[in-house]
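Novice: Just to be clear, the model below is a prediction. Sequence and coordinates:
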Amino acid sequence: MTGGEEEIADVCLILEGTYPFVTGGVSSWTHQLITHLPDVRFHLYCLIADREPGPWKFPRPDNVVGLTTLSLGASAESLDGEGKMLSPGEEKSLIDLLRTFHRSLLSGSPEAFQTLFESLQKTGFSPELFRTLSSGREAWSLIGEFYQAQFSHEAFIDFFWMWRTTHLPLFSLLSAPLPRARLYHSLASGYAGMLGVMGKLAYNRPFVLTEHGLYTRERKIEIALAQWIGKSQEDEATVRPIRETVKGFWMRIFEQLGRIVYYYADTIVTLFEGNRSIQIRDGADPERTRVIPNGIAIGERTGPLSEAVRKRSPEERVVGFIGRVVPIKDVKTFIQACRLVADQYPDVRILIMGPMDQDPEYARECESLVELLGLSSHVTFTGSVKVSDYLPALDLLVLTSLSEAQPLVIMEGAVFEVPSVATRVGACDELINGRLREDRLLGPGGIVTTVGNPDETALAILRLLRDESLRRRMGRAARIRMERFYREESVFSAYREIYRMGEL
């Protein structure tokens, strides 16, 4: 862990796997929020997967007054420092408390976390405490008890690694110093949200949660897609397929973390009404929820073209996919659709624009799929690019995501009058077809498709490539929709109002 606290910040902004070390929609939004509120002092608390953070991918704003990074991959055994050795009685008491907490949580009582947190606070958050909670004699007894109660028909190793995977990051959070701030603002529930809860309980300050995508739902998708579980390769253990019952328990852990975060958050923000309904269903108090759609700067439909797209024949059409090359973006469905498109429209050029290093194995599989389908002459993986250098030359944007919040790329494309083909997830339908009655009267700004359907995606792409009049009409409707309903000034004024809670 690294940290720094030059002064008490107005807002401790808690991020997981995003800004400032990773590019993407949420990271870009975060940078805009910080830079458009120059009088608000931010301390960034960044949860990272690796032991050390990578380089900043954005210029550091002047109003970022502190930075803390914490690796969620660090195990309790590797925590630095020593603490008071616990007596057998103290160890048993703490494990009993952890047992009670789990039972209360699973029975629908998220307020039980405060009792656990305050007890641990009295004991003293130390590496020795969390080594005890993760690998002490009593901890092994608790793990065995949960295993025997629910999973005795499964392999113990599967349950054990699920337990460690979900609990050690939480122990790492509890053992790490939390900077003081006037308000804590997490951009996800899960572990980032739990840090916000700890800030609220430790310092009695307001806690705000913003969910662009629904963290619990996205973790469920990732768990459902997971095929393997086991130790790292360095441990030379056999990798095993995950049993469905273990997946189910894994999902319930994240569900309960989400309920804790919703219970303690003073304000819960999301981007569209569909997400708000799910938050309420999953335990959020309706009175503390609100919708603040993302906004975008409305500029002219001009910009410098990248050399990669500057030269094109009059017949050529350029289709762009902008996003991380990771499973939740379902790039493989897009590639399969491209094979069908290229068969019917040979003069198509396809750009897959986004980082390839966040799931290298999946990225390699996508590259292999392009080769297998004979698409190498049509498809280019550009890696991370400056999107504005490419948007003026695109005829069409495509998103095949399994889950989204309010995709910034659809909005960015709309500013350049580029229509979108996108799956019916998150706010995609609202962005393309409109949210309010007066919004819908503008007409569609693209076509919405079902998830995981290459045929339907290909048909939508072909329809727009073949009908230039329709494509231009949809692009113009998309631009007007952004001008009237999605200006960024309203977003920043709304957050300035929310941050005033920290002044009390």
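Specialist: Arrived safely.
Novice: For residue 157, grab the count of nearby residues.
Specialist: 14 (other CB atoms under 10 Å). Placement of C-beta: from N, CA and C, glycine included.
Novice: so it is in which element?
Specialist: Here residue 157, judged by DSSP states H and E, is contained in helix 156-175.
Novice: now that helix: mean pLDDT?
Specialist: The average pLDDT for helix 156-175 rounds to 77.
Novice: Only the buried residues of that helix, if you could.
Specialist: Applying a neighbour-count criterion of 16 or more other CB atoms under 10 Å, one finds 158-164, 166-175 buried in helix 156-175.
Novice: Stretch 98-108 too?
Specialist: Of the residues in stretch 98-108, those buried (16+ other CB under 10 Å) are 98, 101-102, 104-105.
Novice: okay, these in CSV with secondary structure next?
Specialist: Shown next, in CSV, are these (DSSP: H, G, I helix; E, B strand; the rest coil):
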residue, secondary structure
98, helix
101, helix
102, helix
104, helix
105, helix
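Novice: got TSV for those residues, with distance to residue 179 and pLDDT too?
Specialist: Formatted as TSV, the buried residues of stretch 98-108 follow (distance: CB to CB, whole Å; pLDDT from 0 to 100):
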residue	distance to residue 179	pLDDT
98	26	78
101	26	79
102	29	75
104	29	76
105	27	71
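Novice: closest to residue 19 among those residues?
Specialist: For the buried residues of stretch 98-108, the closest approach to residue 19 (CB to CB) belongs to residue 105, at 30.0 Å.
Novice: which stretches of the stretch 301-450 of the chain have low pLDDT?
Specialist: The model of the stretch 301-450 of the chain has pLDDT under 70 over residues 301-313.
Novice: What are the boundaries of the strands in it?
Specialist: With DSSP state E, counting those that start in this stretch as the criterion, the stretch 301-450 of the chain has strands at 317-322, 348-353, 379-383, 396-399, 420-423, 446-449.
Novice: Over to residue 488: give its phi and psi.
Specialist: Main-chain dihedrals, residue 488, degrees, to the nearest 10: phi -70, psi -20.
Novice: neighbours around it, how many?
Specialist: Neighbour tally, residue 488, other CB under 10 Å: 18.
Novice: Name the nearest residue to it, sequence neighbours excluded.
Specialist: Nearest residue to residue 488 in three dimensions, chain neighbours excluded: residue 295, at 3.3 Å (CB to CB, 6 or more residues apart in numbering).
Novice: Check the residue nearest to residue 62 when sequence neighbours are not counted and give its pLDDT.
Specialist: Leaving aside its sequence neighbours, residue 62 sits nearest to residue 38 (CB to CB, 6+ apart; 7.2 Å). For residue 38, the pLDDT comes out at 96.
Novice: and residue 38, how many neighbours?
Specialist: Count around residue 38 with other CB under 10 Å applied: 10.
Novice: got it, and residue 14?
Specialist: 29.
Novice: Adding mean neighbour count and distance to residue 115 as columns, could you present the strands of the stretch 301-450 of the chain in CSV?
Specialist: Listed next are those as CSV, based on neighbours: other CB atoms under 10 Å; distance: least, CB to CB, whole Å:
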stretch, mean neighbour count, distance to residue 115
strand 317-322, 24, 46
strand 348-353, 23, 48
strand 379-383, 17, 48
strand 396-399, 26, 44
strand 420-423, 27, 42
strand 446-449, 24, 46
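Novice: and of those strands, who's closest to residue 60?
Specialist: For residue 60, the closest of those is strand 379-383, at 23.1 Å, according to CB to CB.
Novice: Contact partners for residue 9?
Specialist: Contact partners of residue 9, counting by CB atoms under 8 Å, 6 or more residues apart in numbering, are 41-43, 65-66, 179-182.
Novice: if you set the cut-off to 10 Å instead, what comes out?
Specialist: Residues in contact with residue 9 (CB atoms under 10 Å, 6 or more residues apart in numbering) are 40-45, 63-66, 179-184, 502.
Novice: okay, and for the stretch 51-200 of the chain, where does confidence drop off?
Specialist: The stretch 51-200 of the chain contains residues with pLDDT under 70 at 73-86, 106, 124-135.
Novice: Could you report the distance from the closest residue to residue 335 other than its chain neighbours to residue 388?
Specialist: Distance criterion CB to CB, 6+ apart; nearest residue to residue 335, sequence neighbours excluded, is residue 369 at 5.1 Å. Distance of residue 369 to residue 388, given as CB to CB, to the nearest Å: 28 Å.
Novice: Please apply the same query to residue 111.
Specialist: Taken as CB to CB, the span from residue 111 to residue 388 is 47 Å.
Novice: Looking at the two, which is more packed in?
Specialist: Between residue 111 and residue 388, counting by other CB under 10 Å, residue 388 is the more crowded of the two (16 against 12).
Novice: right, and that one touches residue 409 too?
Specialist: No: the criterion here is CB atoms under 10 Å, and residue 388 misses it with residue 409 at 11.4 Å.
Novice: what sits against the nearest residue to residue 381 once chain neighbours are set aside?
Specialist: Leaving aside its chain neighbours, residue 381 sits nearest to residue 352 (5.0 Å; criterion: CB to CB, 6+ apart). Contact partners of residue 352, counting by CB under 10 Å, 6+ apart, are 319-323, 325, 329, 331, 334-335, 338, 363, 366-367, 370, 379-383, 398.
Novice: Could you find the closest non-adjacent residue to residue 395?
Specialist: For residue 395, ignoring the flanking residues on the chain, the nearest one in space by CB to CB, 6+ apart is residue 317 at 4.7 Å.
Novice: hang on, residue 47 in a helix?
Specialist: No: with three-state DSSP as the criterion, residue 47 is strand rather than part of a helix.
Novice: and the gap between it and residue 173?
Specialist: From residue 47 over to residue 173 the distance is 8 Å, taken as CB to CB.
Novice: Also residue 67?
Specialist: Per CB to CB, residue 67 is found 17 Å from residue 173.
Novice: now swap in residue 461 and tell me
Specialist: Distance, residue 461 to residue 173, by CB to CB: 44 Å.
Novice: one step back: what is the neighbour count of the residue nearest to residue 335?
Specialist: 17.
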